[in-house]
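Asker: the following comprises the amino acid sequence and a computationally predicted model.
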Amino acid sequence: MNTIKEIGGKMSQYRWAICALLFFATTINYMDRQVLSLTWKDFIATEFHWTNDDYGRITSLFSIFYAISMLFAGRLVDKLDTKKGFLWAIGVWSVGAVLHAFCGIATSGILADAWFVGFDGAKEIISGIGNVSKVINVSVVLFIFARLILAIGEAGNFPAAIKATAEYFPKKDRAFSTSIFNAGATVGALVAPVTIPIIAKAWGWEAAFIVIGALGFVWMGFWNSMYKKPEVHPKVNEKELAYIQQDKNDNVVEGQTVEKKVPFLQCFKYKQTWAFAVGKFMTDGVWWFYLFWTPAYLSAVYGLQSSNPKAQIAIFVLYLITLLSVIGGWLPTYFVDKKGMNPYAGRMKAMLIFAFFPLLALFAQPLGTYSYWFPIIIIGIAGAAHQSWSANIFSTIGDMFPKKAVATITGIGGMAGGVGSFLINNGAGKLFDFAGETDMKFFGFQGEESGYFIIFCVCAVAYLIGWAIMKSLVPKYKPITDL
């Protein structure tokens, strides 16, 4: 820090402009994911005759596609480097987002040989097809294909964003900067319910996919013109560069290129890799369940469709509460600066605190018998805890691994998180249909409500289990030095 003080002049703050770009990319990322969850129950399902199981299959396969893609996306971002890797990622996922809009036309083309029709024309043709099972099967396959393209691109967002954060922020600030750009997930989920249903109702569900998908192409222009490595960026002055590169253990210094590639299989020999992967596996599915199923939950249990103003306000409030997650990035910085902890110890202590808040989900359904506002507020608090947890678990990578391996390790953990998400989303869809069809009873709840209660219980305990396993694998700070 003495070196920074010795450099005269005022420090530039360009690293926050990069953080803002990452924030907007993550916002767009989550809006693209939300379009389907906010339109399927009230718009798409009626056209294609989908059930909960059909939707669960689509979302769970998206999770597994995302998981597999994360494994390779991390490697690709490390190979292409941050700027090109991010351009590749958002370009592909924006194409995938827009492709959803044409699934109806493709369905009418495959089943009725009517390819050159508009969106309304496709709806009329599909409604006249007597074989409902064919409509379901074909439309589901087409949406799965669109989700595949979306997943391949979206898998690059977090590896590239975490890598950019490692390049532009010192270790002590990375959890805070990560919590800021990661708040884009909350803002995306916050904006989505008050925009997407309105677009879908006014111009059709297809327009929602096209409008939201197009935002990614706009972002690409800003990223291409604004992003360069801090050591060569004209808007990063000497004092800011010294602040960014203050950590002694950084493997990259000004004017030096690291040529040694990270052996992929070697990454799996470290307990640090497995700790990150386990933490992601146990908790990512919880966030994705809340993201994908909350609109359907309000519709199925309380009769509030996504186009209903009450439902839109409820979802808006839920994610407004989730914005409290920004505090989660500040807390480990407090432990480091004020309590003298090393970054890893500070993060693990903060993550333990956040792991207790999701336990409130145990009371979501019981209190929901009085008002839907109780589960909404509880899910919002649990979501804030997750995003706080997420910001810190991502930052543990930069604490332990050299910068050249950050995207690769992020991808490995992302794959584990995707597998966990596949299991919970696929299981949830089947459970909800089974509970509804059999009028299942569980702990005083009946039908679909009993299914939601079971999943809420799983979500409640996932974080404490994940933290305990992580702590047992890596009890103390131990950086990797042989990669």
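Answerer: Happy to help now that I have it. What you see is a predicted model; the values in this text were computed from it and never measured.

Asker: you'd agree residue 176 is up against residue 334?
Answerer: No: counting by CB atoms under 8 Å, residue 176 stays clear of residue 334, with 9.9 Å between them. (C-beta placed from N, C-alpha, C; glycine too.)

Asker: the more surrounded of those two?
Answerer: Legend: neighbour count by other CB atoms under 10 Å for residue 176 and residue 334, higher for residue 176 (22 against 14).

Asker: measure that one to residue 330 for me?
Answerer: 6 Å (CB to CB, to the nearest Å).

Asker: any chance you could list what contacts stretch 265-280?
Answerer: Contacts of stretch 265-280 with the rest of the structure, by CB atoms under 8 Å, 6 or more residues apart in numbering, involve 393, 396-397, 400-401, 405, 408-409, 412-417, 420, 466-467, 469-470, 473-474, 478, 480, 483.

Asker: for it, C-alpha coordinates in PDB please.
Answerer: Presented in PDB, the C-alpha positions along stretch 265-280 are these (Å, rounded to 0.1, in the frame of the first residue of the first chain):
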ATOM      1  CA  LEU A 265      -7.400 -32.500 -15.300                       C
ATOM      2  CA  GLN A 266      -4.900 -31.200 -12.800                       C
ATOM      3  CA  CYS A 267      -7.500 -28.700 -11.500                       C
ATOM      4  CA  PHE A 268      -9.500 -31.700 -10.100                       C
ATOM      5  CA  LYS A 269      -6.700 -32.800  -7.800                       C
ATOM      6  CA  TYR A 270      -7.100 -29.800  -5.500                       C
ATOM      7  CA  LYS A 271      -9.600 -29.800  -2.600                       C
ATOM      8  CA  GLN A 272     -10.200 -26.100  -3.300                       C
ATOM      9  CA  THR A 273     -11.800 -27.100  -6.600                       C
ATOM     10  CA  TRP A 274     -14.000 -29.600  -5.000                       C
ATOM     11  CA  ALA A 275     -15.000 -27.300  -2.200                       C
ATOM     12  CA  PHE A 276     -16.100 -24.700  -4.700                       C
ATOM     13  CA  ALA A 277     -17.900 -27.300  -6.800                       C
ATOM     14  CA  VAL A 278     -19.800 -28.700  -3.800                       C
ATOM     15  CA  GLY A 279     -20.900 -25.300  -2.600                       C
ATOM     16  CA  LYS A 280     -22.300 -24.600  -6.100                       C
END
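
Asker: what's the offset of that stretch from the middle of its chain?
Answerer: Here the centre of stretch 265-280 is set off from its chain's centre by 20 Å, with CA atoms, centre = their mean, to the nearest Å.

Asker: same question for that stretch, mean pLDDT?
Answerer: For stretch 265-280, mean pLDDT rounds to 89.

Asker: likewise for stretch 22-31?
Answerer: Stretch 22-31 comes out at a mean pLDDT of 91.

Asker: again with stretch 437-447
Answerer: The model assigns stretch 437-447 a mean pLDDT of 88.

Asker: quick one on the thing from earlier: now the buried members of the contacts of stretch 265-280.
Answerer: For the contacts of stretch 265-280, a neighbour count by 16 or more other CB atoms under 10 Å gives the buried set as 393, 396-397, 400-401, 405, 408-409, 412-417, 420, 466-467, 470, 473-474, 480, 483.

Asker: how about the strands in the stretch 301-450 of the chain?
Answerer: Assigned by DSSP state E, counting those that start in this stretch, the strands in the stretch 301-450 of the chain fall at 441-442, 445-446.

Asker: most tightly surrounded among these?
Answerer: strand 445-446 (a mean of 16; mean count of other CB atoms under 10 Å).

Asker: that strand packs against which elements?
Answerer: Strand 445-446 sits against no helix or strand, with contacts defined as 3 or more CB pairs under 8 Å, 6 or more residues apart in numbering; DSSP states H and E.

Asker: tell me the strands beside it, with direction?
Answerer: Strand 445-446 pairs in its sheet with strand 441-442 (antiparallel), by DSSP bridges.

Asker: what number of residues lie near residue 118?
Answerer: So residue 118, with other CB under 10 Å, has 12 neighbours.

Asker: chain center to the strand or helix carrying residue 136, what's the gap?
Answerer: Using DSSP states H and E, residue 136 sits within helix 132-154. Averaging C-alpha positions (CA atoms, centre = their mean) puts helix 132-154 20 Å from its chain's average.

Asker: and it, what's buried?
Answerer: 135-136, 138-140, 142-154.

Asker: and residue 443, how many neighbours does it have?
Answerer: 10.

Asker: now residue 215. Nearest residue, chain neighbours left out?
Answerer: Nearest residue to residue 215, sequence neighbours excluded (CB to CB, 6 or more residues apart in numbering): residue 28, at 4.9 Å.

Asker: burial measure for that neighbour, as a count.
Answerer: Residue 28: 26 neighbours (other CB under 10 Å).

Asker: is it true that it touches residue 189?
Answerer: No: judged on CB under 8 Å, residue 28 makes no contact with residue 189 at a distance of 11.9 Å.

Asker: ok, and the helix or strand in the chain with the lowest average confidence?
Answerer: helix 2-6 (a mean of 64; mean pLDDT, DSSP states H and E).

Asker: output the contacting helices and strands for whichever helix or strand comes after that one.
Answerer: Where DSSP H and E defines the elements, the next helix or strand beyond helix 2-6 is helix 14-39. If you count contacts as 3+ CB pairs under 8 Å, 6+ apart, helix 14-39 packs onto helix 52-80, helix 82-99, helix 132-154, helix 157-168, helix 171-203, helix 205-226, helix 238-244, helix 271-302.

Asker: next helix or strand past helix 14-39?
Answerer: Next element after helix 14-39 (DSSP H and E): helix 45-48.

Asker: other SSEs contacting that following helix?
Answerer: Packed next to helix 45-48, using 3+ CB pairs under 8 Å, 6+ apart, are helix 119-127, helix 132-154.

Asker: looking at the ones you listed, which is nearest to residue 322?
Answerer: Taking CB to CB, helix 132-154 is the member of the helices and strands packed on helix 45-48 nearest to residue 322, at 19.2 Å.

Asker: dump the closest one to CSV, keeping only the CA atoms.
Answerer: Extracted in CSV, the C-alpha atoms of helix 132-154 (Å, rounded to 0.1, in the frame of the first residue of the first chain):
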residue,chain,number,x,y,z
VAL,A,132,-52.4,-32.8,-28.9
SER,A,133,-49.6,-35.1,-27.9
LYS,A,134,-47.7,-34.3,-31.1
VAL,A,135,-48.1,-30.6,-30.5
ILE,A,136,-46.7,-31.1,-27.0
ASN,A,137,-43.8,-33.3,-28.0
VAL,A,138,-42.7,-31.1,-31.0
SER,A,139,-43.0,-27.8,-29.2
VAL,A,140,-41.1,-29.1,-26.2
VAL,A,141,-38.3,-30.4,-28.3
LEU,A,142,-38.1,-27.0,-30.1
PHE,A,143,-38.0,-25.1,-26.9
ILE,A,144,-35.3,-27.4,-25.5
PHE,A,145,-33.2,-26.7,-28.6
ALA,A,146,-33.6,-22.9,-28.1
ARG,A,147,-32.7,-23.4,-24.4
LEU,A,148,-29.6,-25.3,-25.5
ILE,A,149,-28.4,-22.4,-27.5
LEU,A,150,-29.2,-20.0,-24.7
ALA,A,151,-27.4,-22.2,-22.2
ILE,A,152,-24.3,-22.5,-24.3
GLY,A,153,-24.0,-18.7,-24.4
GLU,A,154,-25.1,-17.9,-20.9
